[in-house]
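Q: sequence unknown, structure follows:
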């Protein structure tokens, strides 16, 4: 049976390397902090803004507890990102 894309992704998880986070240089992206990552086939960076987007999605899907609106506002302002709308409905 052919594996689904999701199953293939699960077989190739990414992990953070032991390299400390590095400041972004502004040439490749708008991230101020980049994490070195590795999967079974590649080495790559993951920016703090992507991590924040993933965290927000996890909150929205109930996978992690909600964080205070003030925390999100402070972080989004710090990284000059669009502040998500808070509140239900």
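A: Arrived safely. Quantities reported herein were computed from a predicted structural model and do not represent experimental measurements.
Q: quick one: mean pLDDT for stretch 67-78?
A: The average pLDDT for stretch 67-78 rounds to 90.
Q: could you list the buried residues of that stretch?
A: Residues of stretch 67-78 classed as buried: 72, 75, 76 (neighbour count, 16 or more other C-beta atoms under 10 Å). C-beta coordinates here come from the backbone N, C-alpha and C atoms, glycine included.
Q: ok, stretch 32-47 next?
A: Neighbour count says stretch 32-47 has 34, 35, 36, 45, 46, 47 buried, by 16+ other C-beta under 10 Å.
Q: how about those residues, which pair is most distant?
A: The span of these, defined through C-beta to C-beta, is set by 36 and 47 at 11.4 Å.
Q: still on that earlier bit, take the buried residues of stretch 67-78 and keep only those in helices.
A: Judged by DSSP state H, helices contain the following of the buried residues of stretch 67-78: 72, 75, 76.
Q: so where's this protein shaky on pLDDT?
A: 25-31, 83-89 (pLDDT under 70).
Q: just want the most central residue of it.
A: residue 51 (1.6 Å; C-alpha atoms, centre = their mean).
Q: dump the residue contacts of it.
A: Contact analysis of residue 51 by C-beta atoms under 8 Å, 6 or more residues apart in numbering lists residue 35.
Q: what of residue 38?
A: So residue 38 contacts 14, 15, 17, 44 (C-beta under 8 Å, 6+ apart).
Q: surely the second one meets residue 39?
A: Just to be clear, that refers to residue 15. Yes. With contact defined as C-beta atoms under 8 Å, residue 15 reaches residue 39; the gap is 7.5 Å.
Q: can you classify residue 35 by secondary structure?
A: Under DSSP: H, G, I helix; E, B strand; the rest coil, the three-state class of residue 35 is strand.
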